[in-house]
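Chemist: missing the sequence, but the structure's below:
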């Protein structure tokens, strides 16, 4: 189940638009993450001098929380931040959302590419609100526990 849950986690994390990222010295804040096939990381774009950029420069431990009903994913992910200087990665994950924050686009000297490398996560996946409601009702009538999706712990 763990391999299946890990595969499902990465698939769904790529469809979710944001979560809450925190680190030592950086209280939780909404941040848009990006995924890339095969690198098992969450990528963030922030500005140099922010507390997230500073935490990443120090290699700080961090946590990213995802709670997304439309993405059918809920997760508390622990890991480490680092600053990366990869133009190909930045080009790959750059978006209109990121462009809105930087006057000179990807070439803006304030752009800071942050890699979040997960070490572990507690993950819940669901099949959506309609199935959850059906399962809750069915379980109540049958006096059983509902099947509302998968839950488990992952190590990366």
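Modeler: Right, received. Where do you want to start? As the structure is a prediction and not an experimental result, all values here were calculated from the model.
Chemist: which other residues reach stretch 84-103?
Modeler: 32, 34, 36, 43, 45, 47, 105-106, 108, 110-111, 113-115 (CB atoms under 8 Å, 6 or more residues apart in numbering). Where C-beta positions appear, they are placed from N, C-alpha and C, glycine not excepted.
Chemist: right, I mislabeled it, should have said stretch 9-16
Modeler: Taking contacts as CB under 8 Å, 6+ apart, the residues outside stretch 9-16 that touch it are 33, 35, 40, 42, 66, 68, 71-73, 75, 121, 123, 125, 154.
Chemist: any chance you could map the helices in the chain?
Modeler: With DSSP state H, the ranges of helices along the chain come out as 2-13, 51-57, 87-93, 96-99, 129-142.
Chemist: for the second one, which positions count as buried?
Modeler: Across helix 51-57, burial judged by 16 or more other CB atoms under 10 Å covers 51, 52, 53, 54, 55, 56.
Chemist: Repeat that for stretch 60-80.
Modeler: Buried-residue list, stretch 60-80, by 16+ other CB under 10 Å: 60, 62-64, 66, 68, 71-77, 79-80.
Chemist: Could you do stretch 90-99 as well?
Modeler: 90, 93, 94, 98.
Chemist: Top of the contacts of stretch 84-103 by number of neighbours, please.
Modeler: residue 114 (25 neighbours; other CB atoms under 10 Å).
Chemist: For residue 11, see how far away that residue is.
Modeler: Here residue 114 is placed at a distance of 22 Å from residue 11 (CB to CB, to the nearest Å).
Chemist: which regions of the protein sit below the pLDDT cut-off?
Modeler: Within the chain, the segments meeting pLDDT under 70 span 1-2, 128-148.
Chemist: same thing but at 50, please
Modeler: Within the chain, the stretches falling below the threshold (pLDDT under 50) are 1, 129-131, 133-139, 146.
Chemist: quick one: the strands in it?
Modeler: Assigned strands in the chain, in chain order: 19-23, 26-31, 34-35, 42-47, 61-68, 73-84, 111-125, 150-155 (criterion: DSSP state E).
Chemist: For the last one, which helices and strands make contact with it?
Modeler: For strand 150-155, the elements it packs on are helix 2-13, strand 111-125, judged by 3 or more CB pairs under 8 Å, 6 or more residues apart in numbering; DSSP states H and E.
Chemist: Nice, that's everything, thank you.
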